[in-house]
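Asks: Predicted model, plus sequence, below.
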Amino acid sequence: MKTSFVASALAMSLALAFPVHAADAGKSAVVQEAPLRAHLQFLASDLLEGRGTGQRGGDLTVAYLETQAMALGLKPGNGNSFRQPVLIAGVKTQPAESTLKLEAGGKPLDIAFGKDWVFAPGDATAAHSFNADLVFVGYGITAPDEQWNDYKGMDLKGKVLVMMVNDPQPTAEQPNRFNGKGLTYYGRWTYKFEEAQRQGAAGVLLIHTTPTASYGWSVIQNSWSGVERFQLAAGTLGTQLQGWMTEDTARALFTAAGQDLDALRAAAEKKDFKPVPLSAKLNGEMKAAVRKVEQFNVAAVVPGTDPKLKDEVVIYSAHWDHLGKQGDSGDTIFNGAVDNASGSAALLAMAAEAKRVPAKRSQMFLWVAAEEQGLLGSAAYAASPLWPLAKTAANLNLDSLNFVGATRDIGTQGSERTELGKLAETAAKSMGLKIAEAKPDLAGGYFRSDHFNFAKNGVPAFSIESGRDYIKDPEAAKAKAQAYGKRYHQVSDEYDPSWDLSGMVQTAQYTLNLGRLIANGAKLPEWKAGDAFAVPRN
């Protein structure tokens, strides 16, 4: 049985490496459905065990992507290797061994880990002791582009910062401050932790509310309580403590500290807000189990044809990981067929065409690790890029592609922040597509995919999304697409051979076409003036 499987796997590998092209393909880069479907089926199979971070399935996935890139004749992206190491720490809080408590008015609060608050080390260290004062810092934002500074006038080194999530809200006088109704990166909890580290704080406790976080407390519990969380274990690490508390816990804390939470929240909506020391402390020891694991980004390059422009690159990215194997009974494999075997498979199909019909600039196909753990692989790449970021023309990211059917439109939200927006329109028109109508980014979607680690380091970047204007049986197609919400991050996100992949091929083709426009363009795309992430080209 094993011999039969190995022979079948080898036969499929050879078929994927040498796809058959239509006779009239000529010198057009035409993404083929057959290899895309085959890669998708394999990457989403039980054999790869859900492609989990730090798990056997993840190792197998990296080996598969590396082998396929080699078979396609792509060049290694990291010297003579297709792999870029990403050192990750797995962290699991041990509440039973921790003595951590919040004290106010000289008394500890009666709160329980998981139910009322959660915490973990942000610096991949197993043990910490605290005797730190708490300070309320409003939204915890320093935003020069908004002339906003919640930290003014106070040295916060060694303090534990209590802050709100989301952004200062728009007002009648300033309806567009902090992007109005849309969430900016300053509102994301990841930014809050990063800024606290820059301020030299010992820790952060975020105040959770469902409206400001856009999800309930159960999401925090599931992500922080009793599970292993992952973070980068090299480079700039986080504060000693990172955590959340419920609104009820925050209200009890502030009351015991002699403060009015609602009054302080109202004050934090104004530019003149200053940090407010609380008559409260964080005391005790925090314990966690910490392990280090080496994961890998996979990078493969199609060199450019122009003697000068080949030193610049367009990067196509997709995350290869999903949630792996979890649990002890029943179906334990989170296959992640749509999220994101689809994007990973599309990159392989696109790379075959890019190799066959190269562009003036070089093109990199980058499969990043540990996206599901907090965009860790793309963060590691941006911190130690394999190609200079100043010579990176753009990053086009693919995540959870259209498995329903072809559409009349394509999603390019985020492209409007840069000159990529006009190129995105040009690429759409060439395929007879329209740009999907943009929706207010209430949950900060632009900041939650791998392209963002490129964007915040100055590279024009966005994720190409599926269209919504389905050509075939629109109502049934919309219902099918919406039904995926119940399978998202569940064991039921499995490959279905009956899927109509015309929409997935369409998205991959559009992405490759846009990338080729950039790769053959006269100059590197620029950010729009005044954008928060705009960095002038050298």
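Replies: Sure, I can see it. Residues are numbered from 1 along each chain as shown.
Asks: Show the model's pLDDT score for the closest residue to residue 336 other than its chain neighbours.
Replies: The shortest distance from residue 336 to any non-neighbouring residue, by Cβ to Cβ, 6 or more residues apart in numbering, is to residue 322 (2.8 Å). (Glycine included, C-beta is placed from N, CA and C.) The per-residue pLDDT reported for residue 322 equals 95.
Asks: I'd guessed residue 322 sits against residue 338; true?
Replies: No: with contact defined as Cβ atoms under 8 Å, residue 322 does not count as touching residue 338 (9.8 Å).
Asks: separation between the most centrally placed residue in the chain and residue 110?
Replies: Within the chain, one residue has its C-alpha closest to the average C-alpha position: by Cα atoms, centre = their mean, that is residue 449, at 3.1 Å. Between residue 449 and residue 110 the computed distance is 40 Å (Cβ to Cβ, to the nearest Å).
Asks: How many neighbouring residues does the residue nearest to residue 336 have?
Replies: Per other Cβ atoms under 10 Å, the neighbour tally for residue 322 reads 30.
Asks: next structured bit after the helix or strand where residue 422 lies?
Replies: Using DSSP states H and E, the element containing residue 422 is helix 420-430. Downstream of helix 420-430, the first helix or strand assigned by DSSP H and E is strand 434-435.
Asks: so what sits against both of residue 322 and residue 338?
Replies: Common neighbours of residue 322 and residue 338, counting by Cβ atoms under 8 Å, 6 or more residues apart in numbering, are residue 493.
Asks: circling back: quick one: the helix holding residue 422 to chain centroid distance?
Replies: Put simply, helix 420-430 sits 24 Å off its chain's centre (Cα atoms, centre = their mean, to the nearest Å).
Asks: Check stretch 396-405 too.
Replies: 15 Å.
Asks: Just the CA atoms of that stretch, as PDB, please.
Replies: Written as PDB, here are the backbone C-alpha positions of stretch 396-405 (Å, rounded to 0.1, in the frame of the first residue of the first chain):
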ATOM      1  CA  LEU A 396       0.300  41.100  -4.200                       C
ATOM      2  CA  ASN A 397      -1.100  38.700  -1.700                       C
ATOM      3  CA  LEU A 398      -3.600  35.800  -2.100                       C
ATOM      4  CA  ASP A 399      -5.600  34.400   0.700                       C
ATOM      5  CA  SER A 400      -8.800  32.300   0.500                       C
ATOM      6  CA  LEU A 401      -9.700  32.300  -3.100                       C
ATOM      7  CA  ASN A 402     -13.000  32.000  -5.000                       C
ATOM      8  CA  PHE A 403     -14.100  28.400  -5.100                       C
ATOM      9  CA  VAL A 404     -17.700  29.200  -6.300                       C
ATOM     10  CA  GLY A 405     -17.400  30.400  -9.900                       C
END
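Asks: what does the average pLDDT come to for that stretch?
Replies: Here the average pLDDT along stretch 396-405 is 97.
Asks: low-confidence ranges in this protein?
Replies: For the chain, the stretches with pLDDT under 70 are 1-26, 538.
Asks: what's the burial count for residue 429?
Replies: 11.
Asks: any idea how far it lies from residue 368?
Replies: Residue 429 is 30 Å from residue 368, by Cβ to Cβ.
Asks: cool, residue 257 as well?
Replies: 43 Å.
Asks: the more surrounded of these two?
Replies: Neighbours around residue 257 and residue 368, counted as other Cβ under 10 Å, are more numerous at residue 368. The numbers are 29 against 21.
Asks: Would you mind naming the residues that bridge with that one?
Replies: residue 319 (DSSP bridges).
Asks: list the contacts for it?
Replies: 297, 317-320, 377-378, 381, 450.
Asks: swap the cut-off to 10 Å and go again
Replies: 84, 86, 295-299, 317-321, 340, 344, 375-381, 397, 450, 453 (Cβ atoms under 10 Å, 6 or more residues apart in numbering).
Asks: now do residue 452
Replies: 185, 188, 190, 375, 378-379, 382, 395, 397, 414, 444-446, 461-463, 533.
Asks: Hmm, residue 426 is touching residue 516, no?
Replies: No: contact criterion Cβ atoms under 10 Å: residue 426 and residue 516 do not qualify, at 11.3 Å.
Asks: mind checking which helix or strand residue 221 is in?
Replies: helix 217-224.
Asks: in that helix, what's buried?
Replies: By neighbour count with 16 or more other Cβ atoms under 10 Å, helix 217-224 contains the buried residues 217, 220-221, 224.
Asks: For that helix, give me every contacting residue.
Replies: The contact list for helix 217-224 (Cβ under 10 Å, 6+ apart) reads 92-93, 113-120, 189, 206, 208-210, 213, 215-216, 225, 227, 229, 242-248, 374.
Asks: With only the CA atoms kept, save that helix in PDB.
Replies: The C-alpha coordinates for helix 217-224 follow below in PDB (Å, rounded to 0.1, in the frame of the first residue of the first chain):
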ATOM      1  CA  TRP A 217     -14.900  37.800  24.700                       C
ATOM      2  CA  SER A 218     -15.200  34.100  23.700                       C
ATOM      3  CA  VAL A 219     -12.800  34.800  20.800                       C
ATOM      4  CA  ILE A 220     -10.200  36.100  23.300                       C
ATOM      5  CA  GLN A 221     -10.800  33.100  25.500                       C
ATOM      6  CA  ASN A 222     -10.300  30.600  22.600                       C
ATOM      7  CA  SER A 223      -7.100  32.300  21.500                       C
ATOM      8  CA  TRP A 224      -5.500  33.000  24.900                       C
END
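Asks: Compare residue 426 and residue 516 and say which is more crowded by neighbours.
Replies: residue 516 (21 against 12).
Asks: Would you mind listing the residues in contact with that one?
Replies: So residue 516 contacts 29, 314, 353-354, 357-361, 363, 427 (Cβ under 10 Å, 6+ apart).
Asks: how far away is residue 66 from residue 81?
Replies: In terms of Cβ to Cβ, residue 66 sits 9 Å off from residue 81.
Asks: neighbour-wise, which of those two wins?
Replies: residue 66 (19 against 14).
Asks: ok, now which ones touch the more buried one?
Replies: Counted by Cβ under 10 Å, 6+ apart, residue 66 has contacts 76, 81-83, 296, 298-300, 367.
Asks: so which strand or helix has it?
Replies: Counting by DSSP H and E, residue 66 is found in helix 56-71.
Asks: Following the chain onward from that helix, which element is next?
Replies: Taking DSSP H and E, what comes next after helix 56-71 is strand 75-76.
Asks: roughly how far out does the following helix or strand past that following strand sit from the chain middle?
Replies: Counting by DSSP H and E, the element after strand 75-76 in chain order, helix or strand, is strand 83-93. Here the centre of strand 83-93 is set off from its chain's centre by 15 Å, with Cα atoms, centre = their mean.
Asks: Same question for stretch 79-92.
Replies: With Cα atoms, centre = their mean, you get 16 Å for stretch 79-92.
Asks: Export it to PDB, keeping only CA atoms.
Replies: In PDB, the C-alpha atoms belonging to stretch 79-92 read as follows (Å, rounded to 0.1, in the frame of the first residue of the first chain):
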ATOM      1  CA  GLY A  79      21.000  32.100  -2.000                       C
ATOM      2  CA  ASN A  80      21.100  28.500  -3.000                       C
ATOM      3  CA  SER A  81      18.100  27.600  -0.800                       C
ATOM      4  CA  PHE A  82      14.300  28.000  -1.300                       C
ATOM      5  CA  ARG A  83      13.900  28.200   2.500                       C
ATOM      6  CA  GLN A  84      14.000  31.200   4.800                       C
ATOM      7  CA  PRO A  85      14.200  30.200   8.400                       C
ATOM      8  CA  VAL A  86      11.500  31.700  10.800                       C
ATOM      9  CA  LEU A  87      12.300  31.200  14.400                       C
ATOM     10  CA  ILE A  88       9.000  31.000  16.400                       C
ATOM     11  CA  ALA A  89       8.200  30.600  20.000                       C
ATOM     12  CA  GLY A  90       5.300  28.600  21.100                       C
ATOM     13  CA  VAL A  91       3.900  30.100  24.400                       C
ATOM     14  CA  LYS A  92       1.300  28.600  26.600                       C
END
